[in-house]
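Peer 1: coords below, sequence missing:
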């Protein structure tokens, strides 16, 4: 069903899932990307902790888990969503909006966040938050660099310079009209020589610097050592700030403040030695010589995490998801 006004055109469509080649291919790509991200994170964590022997078994385990998650994803599409995803598209003069109208999808996204918090799984929390933010997406026409289309499937894809922004699923009766409207709104882009540098190289550089900044947190020793969940939490949300949603930077800043407070409190707190003749001591009294250099590097790393997160929040360093 479609509706029209002088300023906008909208329609509702029930998009097939498993038997839709676009969705099926995206499910495979999502699992592959998840596998790559998890592998990089875990390899980084184990290397940072000196657990080199655990890398290969973890690679095997996570490969099996990701393959299982893909099967579960297909079952969820088929059983939970009934192989259909209700969506509404609205074309306005300034851009196009895609809304997920499925109540089951909205309920599942919020449940994932709650379960992730209870299970202390930052990845699940981040996935749930990302899903909630994508329940309604609006793309201005000036963000679209190219338009591709498949007349047989009645699918129009909006792209920027390096990725797909949105797939527009049309009805049989409005495909031609929507295609004409979209192509008329997308402005002609500058020639290749006038384009800015490809953004992925900068994203990779930011990712490397962020991982390097998180390394000292993993290597904290007594009395400053903290639960492994904390550095993993910071690492995951710092990466999500770069690649997904800039507002995750607030989470990173809050976590860094927490780490700073814990270190200061542990440093000034009186500790009692297990050997009575050594008496009591403050945490900072255990640091000598070159160890202060490590503390200084840790401080610089925490400052960098706050600085880079704040730049992302303010839009000075855009996330990969919002580039172009």
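Peer 2: Right, received. Where do you want to start? Everything numeric in this text was worked out from a predicted model, so none of it was measured.
Peer 1: ok, which stretches of the stretch 201-324 of the chain are strands?
Peer 2: Taking DSSP state E, counting those that start in this stretch as the criterion, the stretch 201-324 of the chain contains strands spanning 270-272, 280-282.
Peer 1: now residue 43, nearest residue through space, not along the chain?
Peer 2: residue 55 (5.7 Å; CB to CB, 6 or more residues apart in numbering). The way it works is simple: take the backbone N, C-alpha and C, and place the C-beta from them, glycine included.
Peer 1: and residue 112, what element?
Peer 2: Element membership of residue 112, judged by DSSP states H and E, is helix 103-118.
Peer 1: the helix or strand where residue 178 lies: which residues count as buried?
Peer 2: Here residue 178, judged by DSSP H and E, is contained in helix 175-185. Across helix 175-185, burial judged by 16 or more other CB atoms under 10 Å covers 175, 178-179, 182, 185.
Peer 1: could you do stretch 307-321 as well?
Peer 2: 308-313, 317-321.
Peer 1: what's the answer for stretch 48-62, then?
Peer 2: Result for stretch 48-62 [16+ other CB under 10 Å]: buried residues 48, 54, 58, 62.
Peer 1: so what's residue 239 up against?
Peer 2: Residue 239 makes contact with 37, 41, 207, 210-211, according to CB atoms under 8 Å, 6 or more residues apart in numbering.
Peer 1: any of those residues buried? List them.
Peer 2: Using 16+ other CB under 10 Å as the burial test, the contacts of residue 239 include 41, 207, 210-211 as buried.
Peer 1: for the stretch 51-200 of the chain, what spans make up the helices?
Peer 2: Using DSSP state H, counting those that start in this stretch, the helices of the stretch 51-200 of the chain run over residues 55-75, 103-118, 122-133, 175-185, 199-218.
Peer 1: and of these, who's closest to residue 224?
Peer 2: Distance to residue 224, taken as CB to CB, is lowest for helix 199-218 among those, at 9.7 Å.
Peer 1: list the buried residues of that closest one.
Peer 2: Neighbour count says helix 199-218 has 199, 202-203, 206-207, 210-211, 213-218 buried, by 16+ other CB under 10 Å.
Peer 1: domains for the protein, by residue range?
Peer 2: Domain assignment for the chain by automatic domain parsing gives 1-13+84-192, 18-80, 199-322.
Peer 1: based on its surroundings, how many neighbours for residue 227?
Peer 2: 10 (other CB atoms under 10 Å).
Peer 1: out of the buried residues of helix 175-185, who's nearest residue 77?
Peer 2: Closest to residue 77 out of the buried residues of helix 175-185 is residue 175 (24.1 Å), distances taken as CB to CB.
Peer 1: I figured the closest one hits residue 153, correct?
Peer 2: No. With contact defined as CB atoms under 8 Å, residue 175 does not reach residue 153; the gap is 9.6 Å.
Peer 1: tell me how far the lengthiest helix in the chain lies from the chain's centre.
Peer 2: Criterion DSSP state H: the longest helix present in the chain is helix 21-48. Using CA atoms, centre = their mean, to the nearest Å, the distance from the centre of helix 21-48 to the centre of the chain it belongs to is 12 Å.
Peer 1: hang on, the earlier thing: the residue nearest to residue 43 and residue 294: what is the separation?
Peer 2: Computed as CB to CB, to the nearest Å, the residue 55 to residue 294 distance reads 25 Å.
Peer 1: equivalent analysis for residue 301, please.
Peer 2: 10 Å.
Peer 1: overlap in contacts, the two.
Peer 2: With CB under 8 Å, 6+ apart, residue 301 and residue 294 have common neighbours residue 216.
Peer 1: between those two, who's got more neighbours?
Peer 2: Between residue 301 and residue 294, residue 301 has the larger neighbour count (other CB under 10 Å), namely 19 against 14.
Peer 1: could you find the closest non-adjacent residue to that one?
Peer 2: residue 213 (4.0 Å).
Peer 1: residues touching the one you found, list them.
Peer 2: The neighbourhood of residue 213, defined by CB under 8 Å, 6+ apart, consists of 238, 301-302, 304-305, 308.
Peer 1: report the lowest-confidence entry in the residues you listed.
Peer 2: Checking pLDDT across those, the minimum falls on residue 238 at 90.
Peer 1: that one touches residue 305, doesn't it?
Peer 2: Yes. Using CB under 8 Å, residue 238 is in contact with residue 305, at 6.2 Å.
Peer 1: and the average pLDDT for stretch 74-91 is what?
Peer 2: For stretch 74-91, mean pLDDT is 88.
Peer 1: for the chain, give me the ranges with low pLDDT.
Peer 2: 1-7, 119-128, 130-131, 133, 187-199, 270-286, 288-289, 321-324 (pLDDT under 70).
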